[in-house]
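Trainee: structural data only, the sequence is not supplied:
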């Protein structure tokens, strides 16, 4: 017969020591970091409704897919919805981190794009920023928009090849 630890009763879960809890927390953290590391090498895609509605097989765009609930709400077409349901890869629906949304909103105001962007557009870009921050960090990203480059010289004939002016030919 199996002996119970002192003070334990049948059917009662054994007490978990603080050290065991810390070890389990460390294992879970390591597993999450390992999953993030594995995803670093995947082609990651944040989906907007346009990509879904076009009807193209989404799997050809990448290996791992994310979107936001607002994008899914925009997809009304039955064929597009069926395509989402039959994807071979999991589509992860995430909430946007408020700090990522604030960064993208501020950046878009600095570039002058803000008035032309919908709330869903901003959230999709914020999720993209959020995932980039999670998987690759932000050191390689611009904190502010770069100044617009002015053309250094007039275009030459080769640059204009195939272009018709207002008068046409």
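Mentor: Now that the structure is in, tell me what you want to look at. No experiment lies behind these values; they were computed from the predicted model shown.
Trainee: contacting residues for the residue nearest the centre of the chain?
Mentor: The geometric centre of the chain, computed from its C-alpha atoms, lies nearest to residue 128 (Cα atoms, centre = their mean), at 3.9 Å. Contact analysis of residue 128 by Cβ atoms under 8 Å, 6 or more residues apart in numbering lists residue 46. For glycine as for every other residue, the C-beta is placed from the backbone atoms N, C-alpha and C.
Trainee: which stretches of this protein form helices?
Mentor: 18-40, 49-53, 69-74, 78-85, 98-111, 119-136, 157-160 (DSSP state H).
Trainee: what's the most buried one of these?
Mentor: Comparing the helices of the chain on average neighbours per residue, with mean count of other Cβ atoms under 10 Å, the densest one is helix 119-136 at a mean of 19.
Trainee: please state the offset of it from the chain centre?
Mentor: 5 Å (Cα atoms, centre = their mean, to the nearest Å).
Trainee: quick one: that helix to helix 98-111, angle?
Mentor: Here helix 119-136 runs at an angle of 110 degrees relative to helix 98-111 (axes from the mean of the first three to the mean of the last three Cα atoms, to 10 degrees).
Trainee: how far away is residue 120 from residue 67?
Mentor: Going from residue 120 to residue 67 by Cβ to Cβ, to the nearest Å gives 10 Å.
Trainee: overlap of the contact sets of the two?
Mentor: residue 48.
Trainee: tell me the spacing between the residue nearest to the centre of the chain and residue 103.
Mentor: Relative to residue 103, residue 128 is positioned 11 Å away (Cβ to Cβ).
Trainee: what do you get for residue 126?
Mentor: From residue 126 to residue 103 the distance is 7 Å (Cβ to Cβ).
Trainee: what mean pLDDT does stretch 150-160 get?
Mentor: Stretch 150-160 shows a mean pLDDT of 65.
Trainee: before we move on, what about stretch 27-43?
Mentor: What stretch 27-43 shows for mean pLDDT is 69.
Trainee: just stretch 62-82 next, same as before
Mentor: 93.
Trainee: same check on stretch 92-108?
Mentor: 97.
Trainee: just the residues contacting it, thanks.
Mentor: Residues outside stretch 92-108 that contact it (Cβ under 8 Å, 6+ apart) are 64-69, 72, 114, 117, 122-123, 125-127, 129-130, 133, 144-145.
Trainee: repeat for stretch 64-80
Mentor: Contact with stretch 64-80 is made by 39, 42-49, 52-53, 55, 58, 81, 84, 87, 89-96, 119-120, 123-124, 127, 131, as judged by Cβ under 8 Å, 6+ apart.
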